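**Student:** Pasting a predicted model and its sequence here:
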Amino acid sequence: MSEQQVTLRPFEKEDIKELQRWTNDPVSIAMAGRIPKTLEQIEQEVEKKRRKGDFLMAIENKENRLIGWVFLRDIEPEHGRACIGILLAPEARGQGYGKPAMEQMIEWGFQQLRLNKIYLTTRGVNERAIALYKKIGFVVEGQLRKHAFINGEYFDTYMMGLLESEWRQRVSNEHRQ
C-alpha cells in the first residue's frame with residue numbers, strides 16, 4: 001500500500017451528509033462501538049464541535065473528492081495538548097490516505113497551534129488503526145481494560161500520545177534519509 005496524496009481543507013456544512021454515511025457504515029459502527037445516527041444528530045455533533053473550538057478539516061484525494069475528515073478536539077492551549085481523530089469513507093480505507101492526512105494535521109497542531117502533545121484513544125479491536133498510529137510515531141501510554149462494549153464483547157481502549165519533540169526527531173530523521 002503506497003501513501004496517497006491528500007489535501008486538507010475546512011470541513012463545510014455541505015460535507016455533513018457524507019460524514020453521516022461514513023459514520024453509519026457498519027465497520028465504523030463496529031470499530032467505534034456506536035449506533036447509527038440521523039443527519040440531524042450528525043449536524044448537531046458538528047455544530048457542538050465548532051462551538052467548542054475544535055479544528056475540523058475535510059480530507060480530499062488528488063481528484064478533489066471528499067474522502068474523510070480529521071480533527072483536533074479538546075484543544076487546551078494552557079497545557080499544550082489536543083486530541084486527534086480521523087474517519088475515512090469506507091471506500092478510502094486501507095488505501096494509504098490516513099497517514100498523510102494525520103501527518104498534515106499533526107504538523108498543523110505542533111506548528112500553528114504550538115501544541116506540545118497530541119493524543120488519541122482507540123479500541124483494541126481496531127488493529128489497523130493502532131498499526132497506523134504507531135507508524136506515525138504515537139506511543140501507547142495506557143490501556144483501559146475491557147473498556148468498550150462492541151458487538152457483544154468488551155475490548156480494551158488504548159491511550160496513545162505523540163510529543164512535539166518526538167515528532168520533530170522523526171521528521172528530521174526522514175529528511176536525512
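**Tutor:** It's in. Numbering: from 1, shown residues only.
**Student:** chain center to the least confident helix or strand in the chain by mean pLDDT, what's the gap?
**Tutor:** Least confident helix or strand of the chain, by mean pLDDT, DSSP states H and E, is helix 26-32 with a mean of 83. Distance of helix 26-32 from the chain centroid (CA atoms, centre = their mean, to the nearest Å) equals 14 Å.
**Student:** List every C-alpha atom in it, with coordinates, as CSV.
**Tutor:** Taking Å, rounded to 0.1, in the frame of the first residue of the first chain, the C-alpha atoms of helix 26-32 are listed here in CSV:
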residue,chain,number,x,y,z
PRO,A,26,-21.1,-1.0,9.6
VAL,A,27,-17.3,-1.1,10.0
SER,A,28,-17.3,2.5,11.6
ILE,A,29,-20.1,1.4,13.9
ALA,A,30,-18.2,-1.7,14.9
MET,A,31,-14.8,-0.1,15.4
ALA,A,32,-16.2,2.8,17.5
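**Student:** pLDDT wise, what is residue 171 at?
**Tutor:** With respect to pLDDT, residue 171 scores 87.
**Student:** tell me the secondary structure for it?
**Tutor:** Here residue 171 is recorded as helix under DSSP: H, G, I helix; E, B strand; the rest coil.
**Student:** Who are the contact partners of it?
**Tutor:** Taking CB atoms under 8 Å, 6 or more residues apart in numbering as the contact definition, residue 171 lies against nothing. The C-beta positions use only the backbone N, C-alpha and C, and glycine is treated the same way.
**Student:** try residue 10
**Tutor:** Contacts of residue 10 (CB under 8 Å, 6+ apart): 56-58.
**Student:** Show me what it is bridged to.
**Tutor:** residue 57 (DSSP bridges).
**Student:** any residues touching the least confident helix or strand of the chain, and which ones?
**Tutor:** Helix 26-32 has contacts (CB under 8 Å, 6+ apart) with 22-23, 34-36, 87, 90, 93, 123, 125-126, 129, 150-151.
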